[in-house]
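A.B. asks: compute the structure for the input listed below.
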Amino acid sequence: MPPFVETAEDKETVLVARQPKEEKKEQHPDYRFPLYLGKWKRSIPYIDEDFARDDMDEPHLKRKQTILRQHPEIEKLYGTDIRTLYVAIAINALQLGIAYYFGRVASPSWAVFCLVAYFVGGTVTGVIGVIIHEACHCLITKNKLANRYVGLLANICLPVPIAQSFRRYHIQHHSWQGVDGLDPDLPLEWEKKLIKGNAFTKLMWILIYPFMYVIRGAVMQNDRNLTPSKWEIINLIFTISMDIVIQQTCGSLGLAYLFLSLYFGYSLHPGAAHFIQEHYTFNDGQETYSYYGILNIPFMNIGYHNEHHDFQKIPWSKLPALRSMANEFYDTLAYHTSWVYVHWKFILDDTLGPQSRLVRGYEEFKQGRSLLSKMKAFEERQLQK
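C.D. replies: Now for the predicted structure:
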């Protein structure tokens, strides 16, 4: 038998045969990893009838855990910022001073009265909303009760009881973001069906937005048979008492100035555009948006909304540091740079409207949350490699 001679073809065959089998790449339990952007398409007025619908839970808890596994130093940003209390005191002094001036000292023209109420009163009213927001997350002091008192303090210049109801429903919004019937931030049925993508109706809708917060809360209370909490009743009594004191001290015109400031600050005002910026879907697959513009300075970083939803224990003053530390996440997401343009685009773009939101069912939410333990194990294995 002649000796075996290995031809070039045989050698190639042997080489191929000797190659190790490729190890099958392990897939992350949540297909949205690492940014947790969905596969859903945004809802378009006149084409779609309802909100966009997701098949998973909200993205923030999972993105937080993913970020922390890569950047554990972020936990050092957790805490409170007592300077928020000082801002609340300063704004009360400013607003009550203007109210007293208009009601007891000067007799301004309606033009001056409205301009001051819009540019000064509307702006600081927006900042008051930020302070109430920080208080509801207990980010001002370490004492939970003290944070409730700061919320009431900030509510003095808002002649409507907002602080404690906001606290109640805002925490629900974080817990059940986008869950149909549980998220109090979602527009009502008539809002999405009546307003649609028409520029005029959207403008009118933004102009009545201050009232929509009250109406949505009332509808949810009725649908779920909820009753006012103890703190909501305290807030109501406190606000009525303060309104009486302000009217007696600053006059009816002074109290009217505070009402007008509240209306301007929550309607067609640059600072109020964050209500649209935060969760109205400008892109497919992304349900929360941040704003990185200059107005974050006077409005205490309220634009850092993805960062806030991901890390609710970080106060407003440290949210820019969070973005910087985890910039590979936040700078990759879509974001806004102008609140004025947010209002402009939302009103004039007929593909946007109140229906431009994302919802998910309770079962889909639970199913998505059930992946948390598998997700943790997967990511820890990846970090060990």
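A.B. asks: and the strands in the chain?
C.D. replies: All strands of the chain, identified by DSSP state E, fall at 52-53, 290-291, 335-336, 358-359.
A.B. asks: which helices and strands does the second one pack with?
C.D. replies: Other elements packing on strand 290-291 under the criterion 3 or more C-beta pairs under 8 Å, 6 or more residues apart in numbering; DSSP states H and E are helix 274-279, helix 305-310, strand 335-336. Where you see a C-beta, it was placed from the backbone N, CA and C, and this is true even at glycine.
A.B. asks: pick the most buried one from those.
C.D. replies: Among the helices and strands packed on strand 290-291, ranked by average contacts under mean count of other C-beta atoms under 10 Å, first place goes to helix 305-310 (a mean of 24).
A.B. asks: send me that one as PDB with only the CA atoms.
C.D. replies: In PDB, the C-alpha atoms belonging to helix 305-310 read as follows (Å, rounded to 0.1, in the frame of the first residue of the first chain):
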ATOM      1  CA  HIS A 305     -35.900  63.400  32.900                       C
ATOM      2  CA  ASN A 306     -34.400  60.100  31.800                       C
ATOM      3  CA  GLU A 307     -31.800  60.500  34.500                       C
ATOM      4  CA  HIS A 308     -34.400  61.300  37.100                       C
ATOM      5  CA  HIS A 309     -36.600  58.300  36.200                       C
ATOM      6  CA  ASP A 310     -33.600  56.000  36.200                       C
END
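A.B. asks: list the contacts of it.
C.D. replies: Contact partners of helix 305-310, identified using C-beta atoms under 8 Å, 6 or more residues apart in numbering, comprise 60, 63-64, 67, 174, 177, 274, 277-278, 288-291, 314, 319, 322-323, 330, 333, 335.
A.B. asks: list the contacts for Trp231?
C.D. replies: Counted by C-beta under 8 Å, 6+ apart, Trp231 has contacts Arg148, Gln164, Arg167, Arg168.
A.B. asks: most tightly surrounded among the strands of the chain?
C.D. replies: For those, the highest mean count by mean count of other C-beta under 10 Å goes to strand 290-291, at a mean of 24.
A.B. asks: list the strands paired with it, with their directions.
C.D. replies: strand 335-336 (parallel) (DSSP bridges).
A.B. asks: hmm, who's touching the strand it pairs with?
C.D. replies: Gln277, Phe282, Tyr289, Ser290, Tyr291, Tyr292, Gly293, Gly303, Asn306, Val342.
A.B. asks: and that strand, what's its mean pLDDT?
C.D. replies: For strand 335-336, the mean pLDDT works out to 98.
A.B. asks: return the distance of it from the chain's centre.
C.D. replies: 13 Å (C-alpha atoms, centre = their mean, to the nearest Å).
A.B. asks: related to what we said a few turns ago, okay, and which of the contacts of helix 305-310 map to helices?
C.D. replies: Judged by DSSP state H, helices contain the following of the contacts of helix 305-310: His60, Arg63, Lys64, Ile67, His174, His274, Gln277, Glu278, Leu319, Leu322, Arg323, Tyr330.
A.B. asks: out of the contacts of Trp231, give me the one that has the most neighbours.
C.D. replies: Gln164 (26 neighbours; other C-beta atoms under 10 Å).
A.B. asks: mind listing what that one touches?
C.D. replies: Going by C-beta under 8 Å, 6+ apart, Gln164 touches Arg148, Gly151, Leu152, Ser229, Trp231, Glu232, Ile234, Asn235.
A.B. asks: swap in 10 Å and give it another go.
C.D. replies: 132, 135-136, 148, 151-152, 155, 228-236, 238-239 (C-beta atoms under 10 Å, 6 or more residues apart in numbering).
A.B. asks: show me what counts as buried in the longest helix seen in the chain.
C.D. replies: Once the chain is assigned using DSSP H, the helix that runs over the most residues is helix 230-265. Residues of helix 230-265 classed as buried: 231-232, 234-235, 238-239, 242-243, 246-247, 250-251, 253-258, 260-265 (neighbour count, 16 or more other C-beta atoms under 10 Å).
A.B. asks: please state the offset of that helix from the chain centre?
C.D. replies: 26 Å.
A.B. asks: now do that helix, average pLDDT.
C.D. replies: Averaged over helix 230-265, pLDDT sits at 98.
A.B. asks: over to stretch 276-292?
C.D. replies: Stretch 276-292 comes out at a mean pLDDT of 98.
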